[in-house]
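Asker: task: produce atomic coordinates for the following.
(chains A and B)
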There are 2 protein chains.
Amino acid sequence: MKITPRTLKGFRDFLPKAARKRQYVLETLKRVFESYGFEALETPALEYEDILAGKYGTEGDKLMYRFTDNGDRKVALRYDQTVPLARVIAQYQNDLPIPFKRYQTQNVWRAENTQKGRYREFLQVDADIVGTYSPLSDAEVIAVAVKCLESLGFKNFKILINDRSVFTKLVDDGILKQDEMPKIVRAIDKIKKIGDAGVAAEIVDEGFTKEKATEILTRIKEQEKTDALKDISEYLEALNFDKAFLSYEPALARGLDYYTGLIFEVEIEGYDVGSVAGGGRYDNLIGMFAGRDIPAVGFAFGFDRLLEAMAVLNLFPTNLYTDKVLVAFVNSGLQEKALKIADELRNKKINCEVYPEDVNLEKQLKYADKKQIPFVVIVEENQLFLKNMEKRTQEKLTMEQIIEKLS
Amino acid sequence: MKITPRTLKGFRDFLPKAARKRQYVLETLKRVFESYGFEALETPALEYEDILAGKYGTEGDKLMYRFTDNGDRKVALRYDQTVPLARVIAQYQNDLPIPFKRYQTQNVWRAENTQKGRYREFLQVDADIVGTYSPLSDAEVIAVAVKCLESLGFKNFKILINDRSVFTKLVDDGILKQDEMPKIVRAIDKIKKIGDAGVAAEIVDEGFTKEKATEILTRIKEQEKTDALKDISEYLEALNFDKAFLSYEPALARGLDYYTGLIFEVEIEGYDVGSVAGGGRYDNLIGMFAGRDIPAVGFAFGFDRLLEAMAVLNLFPTNLYTDKVLVAFVNSGLQEKALKIADELRNKKINCEVYPEDVNLEKQLKYADKKQIPFVVIVEENQLFLKNMEKRTQEKLTMEQIIEKLS
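Answerer: Predicted coordinates:
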């Protein structure tokens, strides 16, 4: 029986050309995380179901990949990186330095509706600081996000910031009951999509009067910067950041329930699909397995969106190849010489290869083209040529000159 | 209800200290792969079950993680990286350069018996060349394995090589029937563990006479190097490799059924747990989805064993930290100065951090110790000290001197 080669809906292969781009972005982000003292953490793809279940709302429980394993254990595939982080914090309390600054870049799985252009397996890129209420850590998380974007070549972007206490203040002031807040947050979260009137209508739909809806909306939009946000701004200045990219948005809500203080999103000019990163402070979540409150602040990049934004803005370097040179031979007697030249190049840290079969030069050049190898060294009896595959130019050079040109 | 934080048996968290080591080894291997023109490929964690089922024998079908997803599709978790490679080759025939040289470093999942010290989630590191019968590609795969080991600091190791045709020759010569060969391969594969007599007994157990068992064993052990192995050796010389590390082992069998030519294993002196890498030529496997024979040669590292061997032989660099400096302040008024110094260090590509809370120096130093940060810059009113955390020495320096010392 012939089996058709195919992948599951929402799952992707990354062939070398795509994998190179992903690797470039991921390594750039890791480098920035590490420059601020964040360190790598890895957790398993499979967890006991009870570790993950009920942590992501009804939606999450529905979209989670769950099954019973051969040993009759109920297990689930990683759904995000925050709940595993909370588990790690509780499980290794004495081994971890506090504050614990970790980044994590692993795949997660969600049985999303793929018609919305969503994937069922996608990479998450998280950086969090666990164990401190200090506003400096809030500022640092924003600073790291900015450095990441700059390192990838983004120039025009905005960090929209707000403080969730804008919403809790409505409760404190008796405008809302505590349990009404999440609905209001979710309604206001849509303000960019549906506008003030749309949000007001939605609040009314939730059972409030028109007057109440207007009052809530007005109070939120006229809310002044909190002291916490002012502290964070000051620290960002101390961290040497231009505050111009910060934009206070009192109606910024973010969908997730668990934020307790700072919330922020990153918008990129010229890329309108949505924010490429978001985060904030969440002081009541990480302690869920430890049985006590543990403060935390962090953010995540939407990796696929980030890649998309880079493609749209043309930010990928043009020299994004890992394989730099094909050492080609004009007749079979010269293949061995080509091998020795390749070895010499490799010793100079120049990635290269030799076509493994005895084929003519044309076939070797076609291979270099298909593989997007940018240079070909052509080995003739008594001379060497360096061919630039993009410009289609070639010049006769000595080995020393070739090494110099390619280094 | 309090949920106990725990991981599934056979699944592991990698905290920063362990993650750093893994990252160091993985990056070293990738660099070597890329230096020979191998490029990254990524495939999904989940595949349609029919893509994987029946490809790994009864054992594999038993150990595979399989379940039915929310959309009633039968799916399975990645069990190795070779079957997904075969699928990719068939699915993107026209997009891939041939020969296709790819490396793949993803996790696989097998419900192994963990009592044998096996993991249920582990990283596989594969490098393969698909689409050529050329013995140069056999030699290159061995060369890459050797370069990887050397790059990691291994000095005394052996590449045991053999040719599977040693076994097929028994069939050609009428000593064995074709369908008896796999049993014989599996018996001979145990020769190191159970010795000649043990293997002979096992062959007898399989229904052969004592005389036949002796004949098979003698013929195999006295088999001379095949022409294919001689070709490979010659190419290795052309690739500038010292042949001294090659050891011809006519009784080397390797467990897997699918090899058709060269087979090899890497043994490391001073690490007796088993081979850290193995591979060979398999010309009938990759074409399974394409409906025709597609030749291939490759190898894989046992990543966990490789790490274990490095630990045993003390090969991890001592400076394997990503976080190099804590910039500490002696009073709260100096935290901002510390932040500016950290920024300056970061601009010189020196990874560093500042403790986010206003705490005393002692607490900051404890944090550095726990996190294994090797250096602390102590910021006083009018002077700076650089403290070496391992040697417990410190000296008064200028900023320029500090940058020079840390660069």
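
Asker: element containing the residue of the stretch 51-200 of chain A found nearest chain B?
Answerer: The nearest approach of the stretch 51-200 of chain A to chain B comes at residue A:67, 3.4 Å away (Cβ to the nearest Cβ). Yep, even glycine has a C-beta here, placed from its N, CA and C like the rest. Under the assignment given by DSSP states H and E, the secondary-structure element containing residue A:67 is strand A:66-68.

Asker: quick one: the helices in the stretch 251-400 of chain A?
Answerer: Taking DSSP state H, counting those that start in this stretch, the helices of the stretch 251-400 of chain A run over residues A:303-312, A:335-347, A:361-370, A:399-406.

Asker: the third one: how far from the chain's middle?
Answerer: Relative to the mean C-alpha coordinate of its chain, helix A:361-370 is positioned 36 Å out (Cα atoms, centre = their mean, to the nearest Å).

Asker: average model confidence for that helix?
Answerer: What helix A:361-370 shows for mean pLDDT is 97.

Asker: quick check: angle from it to helix A:335-347?
Answerer: In terms of direction (axes from the mean of the first three to the mean of the last three Cα atoms, to 10 degrees), helix A:361-370 departs from helix A:335-347 by 30 degrees.

Asker: equivalent analysis for the first one, please.
Answerer: Here helix A:303-312 points in a direction 110 degrees away from that of helix A:335-347 (the same axes, to 10 degrees).

Asker: and helix A:303-312, what does it pack onto?
Answerer: Helix A:303-312 is packed against helix A:16-35, strand A:121-130, with contacts defined by 3 or more Cβ pairs under 8 Å, 6 or more residues apart in numbering or on different chains; DSSP states H and E.

Asker: okay, the ones you listed in CSV with distance to chain B next?
Answerer: Supplementary listing: the helices and strands packed on helix A:303-312 in CSV, determined by distance: least, Cβ to the nearest Cβ, whole Å:
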stretch, distance to chain B
helix A:16-35, 4
strand A:121-130, 5
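
Asker: single out the most deeply packed of these.
Answerer: With neighbours taken as mean count of other Cβ atoms under 10 Å in any protein chain shown, the helices and strands packed on helix A:303-312 reach their highest mean count in strand A:121-130, at a mean of 22.

Asker: need the CA coordinates for it. CSV is fine.
Answerer: The C-alpha atoms that make up strand A:121-130 are tabulated as CSV, following Å, rounded to 0.1, in the frame of the first residue of the first chain:
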residue,chain,number,x,y,z
GLU,A,121,2.5,23.5,16.4
PHE,A,122,4.4,26.7,16.9
LEU,A,123,7.5,28.0,18.6
GLN,A,124,7.1,30.2,21.7
VAL,A,125,9.8,32.6,22.7
ASP,A,126,9.4,33.6,26.4
ALA,A,127,11.6,35.6,28.8
ASP,A,128,10.5,36.0,32.4
ILE,A,129,11.9,37.2,35.7
VAL,A,130,10.4,35.3,38.6
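
Asker: after that strand, which helix or strand is next?
Answerer: helix A:135-151.

Asker: ok so, going back, could you export the helices and strands packed on helix A:303-312 as a markdown table, including distance to residue B:105 and mean pLDDT?
Answerer: Listed next are the helices and strands packed on helix A:303-312 as a markdown table, based on distance: least, Cβ to Cβ, whole Å; pLDDT from 0 to 100:
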| stretch | distance to residue B:105 | mean pLDDT |
| --- | --- | --- |
| helix A:16-35 | 11 | 97 |
| strand A:121-130 | 14 | 98 |
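
Asker: and the ones you listed as CSV, adding distance to residue B:91?
Answerer: Below are those laid out as CSV (distance: least, Cβ to Cβ, whole Å):
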stretch, distance to residue B:91
helix A:16-35, 14
strand A:121-130, 17
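
Asker: please list all residues in contact with residue A:307.
Answerer: Listed by Cβ atoms under 8 Å, 6 or more residues apart in numbering or on different chains, the contact partners of residue A:307 are A:21-22, A:25.

Asker: also residue A:124?
Answerer: Under the criterion of Cβ under 8 Å, 6+ apart, the neighbours of residue A:124 are A:80-81, A:104-108, A:300, A:303.
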